[in-house]
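Trainee: quick one, fold the following:
(4 chains)
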Protein chains: 2
Amino acid sequence: MQDSGEGMETDGTSWIGAAPGGPGGRPVLRLEAFLPYRLSVLANTISHAVAEAYRERFGLTVPEWRVMATLGEFDGPGAAVTANAVAAHTAMDKVQVSRAISRMIQAGLVARVTDPGDRRRSILTLTEAGRGIYERIVPAALDYERRLVAGLSETERACLARLIDTLTDRATQTAPPREVGAEGP
Amino acid sequence: MQDSGEGMETDGTSWIGAAPGGPGGRPVLRLEAFLPYRLSVLANTISHAVAEAYRERFGLTVPEWRVMATLGEFDGPGAAVTANAVAAHTAMDKVQVSRAISRMIQAGLVARVTDPGDRRRSILTLTEAGRGIYERIVPAALDYERRLVAGLSETERACLARLIDTLTDRATQTAPPREVGAEGP
DNA sequence: TGAGATTAGTTTCATATGAAACCAATTCCA
DNA sequence: TGGAATTGGTTTCATATGAAACTAATCTCA
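Mentor: Here you go, the predicted model:
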C-alpha cells in the first residue's frame, strides 16, 4: 500500500511544482518550484562559474577538464585508459570526448598511443604538462567544492549525496513525461 | 577557530571529491564524487528526458516550454508579461527568450502586442492554441516530477527543496575556482 | 577462411548557444 | 530643451553540440 496515496502534497512549503487550482480548475505549474527547472538552474549556475574559471585560468573547457580528471585519476603504468573508457566515466558522448582529446593533444596535454593489442584503440595519458595543470586544478576544484557546501551541516551533506544518487538512478529509470491518462502510441 | 581545520573529510561515504592522497601525495579528485559533475549529470539526464518528450509530444524545445510555463502562470487580464520578465523568471538570457518567443509566435502559440505605454516593450500572452498545449503539458510535467521523487521520504523531499535553494544561493555568491594560495591578479 | 556484424573513434552536417554589436524608444539632467 | 546614457529587444557571428554517416580494425561463426 502506497503511503499517502495520490493526494496533493502541496502544503505551500513543498517545492512540488503544482499550485492550488487542482483538477477542475485551470492547471497551474510554478516553474520556480519545478524540480527539473530548479536542478537545471542550479547545475548551470555552477557549471558556468566552473567553465569560466577553467577557461580563464587553465585554458580548458569543461569537457577537456573532464577528460583530464579521468586521466589524472586512472592513467599511468598498468592502466590503459581509452577514449571509450573516458566517455563511460564522464557521461559524455564519444564525439565530445574525441574532440576534447584532439584539442588536448594539440595543446600538448595528452599523449595517445595506439594499443598494440587492438589497433582500433588508443591508450591515453597525461603528458608532463598535462599533469602539471591537473595538479594545479585539483586543489582549486576541491576548494571550490568545499566552499559550495560550506554552509551545510554534516547531515545535509550526507542527505545531498544520497539524494543525488537516488535521483540520478530514478531519472534514468523514470519514463519521460507523457500525457497523463493517454494510452501508449 | 575553524572547525576540523583543513583536515580531509573523506570518510569514504562522503561525496566530497577528494580521495586519500592528501597534501604531499599526488593530488587526486574522484570525478564521480565531485559535486559540480554530479549535479551536471543529474540535471542533464532529467533535462534530456524532458526535452525529448516535449519535442516529440508537443513540438516544443525546453526554452519554449519555459516561456510557455511563465505565460501560463502569469499572463492574462491585468498582467503584463514582457520578454524581459520572462527572461528574469526563467533564468534564460534575453537572446534565448527572444528566439523562443519568435518561434512560438510563428507557431501560433503566443501573441504579442506592443505596450502602448512604452513602445519598446511588448506584452505577451498565450493564444487559445498555446493555452491548449499548456493545459496538456502541465499535468504531464507534474506527473513526471511526482514519479521522479516517488521513492523519497517526506523528510528527504523537504531536504531536497532546502538544499537546492541553499546551493543555488551559494553558487551565485561563491567565488569561482582559483588556484589555491594564489594571490589575486 | 571470409562475409557480415560489432566496436573504436572521427567527420559531417544541421542546429543550439551566447557574447557583442546593433536599433529603437525612453529616461536623465546640464 | 536636447544630447548622452539606459533599457527592451533583435540580429550577427563565432563556437558548441549531437545525431548520423563514415572508416578502420576486430570478432563471429557458417
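Trainee: give me the pLDDT for the closest residue to residue A:80 other than its chain neighbours.
Mentor: Once flanking residues are discounted, residue A:80 sits nearest to residue A:123: 5.1 Å by CB to CB, 6 or more residues apart in numbering or on different chains. Yep, even glycine has a C-beta here, placed from its N, CA and C like the rest. Model confidence at residue A:123, given as pLDDT, is 97.
Trainee: shaky segments in chain A?
Mentor: Low-confidence segments of chain A (pLDDT under 70): A:1-25, A:181-185.
Trainee: now it against DNA strand D: closest residue?
Mentor: For chain A, the residue closest to DNA strand D is residue A:119, as judged by CB to the nearest atom of the strand, at 3.5 Å.
Trainee: and that residue, how many neighbours?
Mentor: Residue A:119 has 8 neighbours, counted by other CB atoms under 10 Å in any protein chain shown.
Trainee: identify the residues contacting the residue nearest to residue A:39 when sequence neighbours are not counted.
Mentor: Closest residue to residue A:39 apart from its sequence neighbours, by CB to CB, 6+ apart: residue B:43 at 4.4 Å. By CB atoms under 8 Å, 6 or more residues apart in numbering or on different chains, the residues touching residue B:43 are A:36, A:39, A:40, A:42, A:43, A:44.
Trainee: turn those residues into a markdown table, columns for secondary structure and distance to DNA strand C.
Mentor: Formatted as a markdown table, the contacts of residue B:43 follow (DSSP: H, G, I helix; E, B strand; the rest coil; distance: CB to the nearest atom of the strand, whole Å):
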| residue | secondary structure | distance to DNA strand C |
| --- | --- | --- |
| A:36 | helix | 14 |
| A:39 | helix | 16 |
| A:40 | helix | 11 |
| A:42 | helix | 15 |
| A:43 | helix | 12 |
| A:44 | helix | 7 |
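Trainee: between the residues you listed, which is nearest chain B?
Mentor: residue A:43 (3.6 Å; CB to the nearest CB).
Trainee: helix, strand or coil for residue A:179?
Mentor: coil (DSSP: H, G, I helix; E, B strand; the rest coil).
Trainee: pretty sure it sits against residue B:142.
Mentor: No: shown here, residue A:179 and residue B:142 do not form a contact pair, counting by CB atoms under 8 Å, at 11.9 Å.
Trainee: wait, residue A:60 sits on residue A:136?
Mentor: No: assessed by CB under 8 Å, residue A:60 is found out of contact with residue A:136, at 10.9 Å.
Trainee: looking at those two, which is more packed in?
Mentor: It is residue A:60, of residue A:60 and residue A:136, that has more neighbours when counted by other CB under 10 Å, with 23 against 16.
Trainee: tell me the phi and psi of that one?
Mentor: Residue A:60 adopts backbone torsions of phi -120, psi 150, taken as degrees, to the nearest 10.
Trainee: close to DNA strand C: what parts of chain A are there?
Mentor: A:82-85, A:94-95, A:97-99, A:101-102, A:118, A:120-122 (CB under 7 Å from any atom of the strand).
Trainee: sitting in helices, which of those do you find?
Mentor: A:83, A:84, A:85, A:94, A:95, A:97, A:98, A:99, A:101, A:102 (DSSP state H).
Trainee: now tabulate those residues in a markdown table and tack on neighbour count.
Mentor: Converted to a markdown table, these look like this (neighbours: other CB atoms under 10 Å in any protein chain shown):
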| residue | neighbour count |
| --- | --- |
| A:83 | 19 |
| A:84 | 13 |
| A:85 | 18 |
| A:94 | 12 |
| A:95 | 9 |
| A:97 | 25 |
| A:98 | 14 |
| A:99 | 15 |
| A:101 | 21 |
| A:102 | 13 |
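Trainee: assign a three-state SS to residue A:113, would you?
Mentor: strand.
Trainee: what about residue A:26, which helix or strand?
Mentor: In the assignment (DSSP states H and E), residue A:26 maps to no helix and no strand.
Trainee: which residue ranges of chain A form strands?
Mentor: Applying DSSP state E to chain A gives strands spanning A:110-114, A:122-126.
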